[in-house]
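# fold the stuff below for me.
(2 chains)
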Amino acid sequence: MTQVFLGMPAAGHGNLFEEEPFPQAAHRELGNTQMRKNLRHATHTIRDKRVKVVGELPDWEELRDAGSAIKNNAMANVEELLLQFEKNFTARGGTVHWARDATEANKIVTELVKETGSTEVVKVKSMATQEIGLNEYLETQGIEAFETDLAELIVQLGNDKPSHILVPAIHKNRTEVRDIFLKEMPSVDPELTDEPAKLAEAARSHLRKKFLAAKVAISGANFALADTGTLGVVESEGNGRMCLTLPETLITVMGIEKVLPKWEDLEVFMQLLPRSSTGERMNPYTSLWTGASADDGPQDVHIVLLDNGRTRALSDRFGRTALNCIRCSACMNVCPVYERTGGHAYGSTYPGPIGAILSPLMTGIEAEDNGSLPYASSLCGACYDACPVKINIPEILVHLRGEDVDAKRETHKIPTQMDLMMKGGSWALGKGKNLGLLEKALPLGRLMAGKDKKIKKLPGIAAGWTQSRDIPAPPNKSFRDWWSDEKESK
Amino acid sequence: MSAKEEILGRIRSALSDAPVAEETPREYRTSSQMSEEELIEMLVDRLVDYKAGVEVIDNAQIPELVAAKLKDANSVVFPHGLDQRWLADLPQGVAQIADAPGSRLTVAELDETSAVVTSSQVTIAESGTIILDGEPNQGRRAISLVPDHHLCIVPVSSIVQLLPEAMPRLTITRPLTWISGPSATSDIELERVEGVHGPRTLDVLLVRGL
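Got it, this is the predicted structure:
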């Protein structure tokens, strides 16, 4: 057994895995017509809103350039920035913890909650805690976690899984939400209608007592500012403010890639993020806190800085810009694949185009079925255009497809069908003469086609191509032959 | 080896190619030339879009408008540094409660209070964002959160057009709350609905000469 090399980037664990090949998962999800209808409606609504508010800013492209450069700088200097953040957050009365992976982070949080003597926590929506499976872990330790974001609440009450990073219940429509509330909320009005305003009101009364009595809150963070030690949470409903303000203890779990060099950098991200995510000029509420503030808010303030595969992603020089992601979800809202399959098909906490690169970068391409995720794209490039920090998702997808092929080749002793096809392709396309020779075989293809002149099933791995489409029968002769015949006849 | 040392070691190893990032271009807008009237017009448009109540008034009209906006309130909490003359026209029956160091309201007491009146630090017209920073006339965060009705005073002199113009006016290490309209959600079918956990009514008085 080889010894683990200290300091080597290690793979992430937790909810980062595709458990079956994407095409298989997608095939199943596509059968859910109600979900497809819901997703189509929601993604189109948000696309139109985003385009409108982005169009309002004459300097949108300049903001994207700045955002991208700030993030590249932050990642190039992440060690120094984390240390600076730690020093400043600590100086203001906060406590910093470091977690190598999901398990370690879960244990740290549990210990902190146990020290308070509380067996309940309220939670602000957080991707990091979803990624590490914190709620499930807390449950095994006798601690009950209450999600307070409306969409997270819908998912939690419905015993469901999030399918979108901003709106985890995007796959449910209003009537389905109403039905979940009627079934799972103990004191809900049985006459509850499916009007969104009524549903929001039901959530308010359901959670009000919890907020007012909570002793411990757990949050994520959208940003950490290194030069001041400040943390920020961007939200809409006020559930974030409740959790960040009223309890005595506040525990924040944050990926190490969220650190920004300077507090002035907020002026860039607070313009990019709200417009890209909910299509609003600004989200209703943003809270910023620096350690503990005397007489205002929680006095026992912690942050858990989480690696869980982020350093692994950082070690990939072609893929590391995936860590620049600010979790706005614009890429999934514009993605034609996501719109049809929904988020569950991606397996991981991070769905859509960004998830298709982030999950395999954090876990390694060979982990479970994550190697199938980089193929969950038509490479149309809409995600790159929408990304507020200009992550070149299509380029990284292609890079990871290469990694996947290489990884699979290593496990095969004999050449695969793909290797042989590529070899053949290289021979055929290498010389015009070779291609001409191959084209003589075109009439054979006509034999494969039926009466309707369509080829419906190709053999071997090429079968993937004909799984959902037909190929028209090839012509009698190639263009090359036709051209020379034409010339001769003149 | 501690988790911290190990993570920092992994970072060093991951960055062994020593990437050098380009200098950050900051070509975006950082200053504006809008007149006071244009700023007011833009801000009103944004706040109305968020479904906040908004009035543009003169300094002398504050007590009258505060009383009008809070006519249905039973009790009003205010931060101890607020100019109390602003509350002078509230009817006798309305309890006025100061939240002051040494005599803080409990969460349960705040929950019983119908409304809160605060001032504000700086406001961004382009995004309709009002920023509170815990100054004595704005108070600690809980008082502008728990009561269901927030009446916020915005001096016209504190309005800027752009977010980068607001940044130098903030003390970042104070607890900051940025407010853009009443509490809202887009979680059901991505359609915005106002009124969830934060104050469901936000009234803003834009005050000239303050």
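
# list the contacts of A:Phe223.
The neighbours of A:Phe223, taking Cβ atoms under 8 Å, 6 or more residues apart in numbering or on different chains as the test, are A:Thr230, A:Leu231, A:Gly232, A:Lys258, A:Val259, A:Leu260, A:Asp265, A:Leu266, A:Phe269. Quick note: C-beta positions are derived from backbone N, CA and C, even for glycine.

# actually A:Cys331, sorry about that
Residues counted as contacts of A:Cys331 (Cβ under 8 Å, 6+ apart) are A:Gly352, A:Pro353, A:Ile354, A:Ala382, A:Cys383, A:Ala386, A:Cys387, A:Ile393.

# what about it, which helix or strand?
Assessed by DSSP states H and E, A:Cys331 sits inside helix A:330-334.

# after that helix, next one along is what?
Counting by DSSP H and E, the next helix or strand C-terminal to helix A:330-334 is helix A:336-341.

# now the nearest residue to A:Asn38 once chain neighbours are set aside: how far from A:Cys387?
Closest residue to A:Asn38 apart from its sequence neighbours, by Cβ to Cβ, 6 or more residues apart in numbering or on different chains: A:Asn173 at 4.6 Å. Taking Cβ to Cβ, to the nearest Å as the measure, A:Asn173 falls 28 Å from A:Cys387.

# comparing the two, which residue is more hemmed in?
In this view A:Asn173 and A:Cys387 are compared by other Cβ atoms under 10 Å in any protein chain shown, and A:Cys387 has more residues nearby, 26 against 19.

# from what I can see the residue nearest to A:Asn38 touches B:Glu189, true?
Yes. Between A:Asn173 and B:Glu189 there is a contact at 6.2 Å, judged by Cβ atoms under 8 Å.

# out of the contacts of A:Phe223, who's near chain B?
Counting by Cβ under 8 Å from any Cβ of the partner chain, the subset of those that neighbours chain B consists of A:Thr230, A:Leu266.

# out of the contacts of A:Phe223, flag the one nearest to chain B.
Relative to chain B, the closest of these is A:Thr230; by Cβ to the nearest Cβ it sits at 5.7 Å.

# against A:Asn239, how distant is whichever residue of chain B sits closest to chain A?
Nearest residue of chain B to chain A, counting by Cβ to the nearest Cβ: B:Gly198, 2.5 Å away. According to Cβ to Cβ, B:Gly198 stands 8 Å off from A:Asn239.

# of those two, which one has the most company?
The neighbour count for B:Gly198 versus A:Asn239, taken as other Cβ under 10 Å, is higher for A:Asn239 (31 against 28).

# not counting sequence-adjacent ones, nearest residue to that one?
Per Cβ to Cβ, 6+ apart, closest to A:Asn239 is A:Thr148, 3.9 Å.

# any idea how far the most centrally placed residue in chain A is from chain B?
Centroid-nearest residue in chain A: A:Tyr350, 2.7 Å away (criterion: Cα atoms, centre = their mean). Distance of A:Tyr350 to chain B, given as Cβ to the nearest Cβ, to the nearest Å: 19 Å.

# which residues in chain B form helices?
B:3-14, B:36-49, B:62-69, B:107-112, B:163-166 (DSSP state H).

# of these, flag the one that's most buried.
helix B:163-166 (a mean of 22; mean count of other Cβ atoms under 10 Å in any protein chain shown).

# just checking, what packs against it?
Applying 3 or more Cβ pairs under 8 Å, 6 or more residues apart in numbering or on different chains; DSSP states H and E, one finds that helix B:163-166 contacts helix A:266-277, strand B:122-124, strand B:129-132.

# roughly how far is stretch A:400-412 from the heart of the chain?
23 Å (Cα atoms, centre = their mean, to the nearest Å).

# kindly report the same for stretch B:112-131.
For stretch B:112-131, the distance to the chain centre is 3 Å (Cα atoms, centre = their mean).

# got the buried residues for that stretch?
Residues B:113-131 are the ones in stretch B:112-131 that count as buried (16 or more other Cβ atoms under 10 Å in any protein chain shown).

# for the one helix or strand in chain B whose mean pLDDT sits lowest, which strands pair with it and how are they oriented?
Of all helical and strand segments in chain B, the minimum by mean pLDDT, DSSP states H and E falls on strand B:193-194, at a mean of 88. With DSSP bridges as the test, strand B:193-194 is paired with strand B:184-185 (antiparallel).

# tell me the mean pLDDT for the partner strand?
Across strand B:184-185, pLDDT averages out at 93.

# which residues touch it?
By Cβ under 8 Å, 6+ apart, the list of residues contacting strand B:184-185 from outside reads A:Leu150, A:Pro196, A:Ala200, A:Ser236, A:Glu237, A:Pro284, B:Tyr50, B:Arg192, B:Val193, B:Glu194, B:Gly195, B:Val196.

# spatially nearest residue to the first one, not counting backbone neighbours?
The reference is to A:Leu150. That would be B:Asp187: by Cβ to Cβ, 6+ apart, it lies 4.1 Å from A:Leu150.

# residues touching the one you found, list them.
Contact partners of B:Asp187, counting by Cβ under 8 Å, 6+ apart, are A:Asp149, A:Leu150, A:Ala151, A:Ile154, A:Val167, A:Ala169, A:Glu237.

# quickly note the distance from the first one to chain B.
This points to A:Asp149. For A:Asp149, the distance to chain B equals 7 Å [Cβ to the nearest Cβ].

# pLDDT value on A:Gly7, please?
We have a pLDDT of 59 for A:Gly7.

# scratch that, B:Glu37
B:Glu37 carries a pLDDT value of 97.

# and for B:Pro91, the neighbour number?
9.

# what ranges does chain B have for its strands?
For chain B, the strands defined by DSSP state E occupy B:53-58, B:75-79, B:95-99, B:115-118, B:122-124, B:129-132, B:149-155, B:159-160, B:176-179, B:184-185, B:193-194, B:201-208.

# equivalent analysis for the stretch 101-250 of chain A, please.
Here the stretch 101-250 of chain A has its strands, by DSSP state E, counting those that start in this stretch, at A:120-123, A:144-147, A:216-219, A:223-225, A:230-235, A:249-255.

# any chance of those strands in TSV, with mean pLDDT and distance to A:Pro374 too?
Shown next, in TSV, are the strands of the stretch 101-250 of chain A (pLDDT from 0 to 100; distance: least, Cβ to Cβ, whole Å):
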stretch	mean pLDDT	distance to A:Pro374
strand A:120-123	98	32
strand A:144-147	96	31
strand A:216-219	98	32
strand A:223-225	98	28
strand A:230-235	98	29
strand A:249-255	98	21
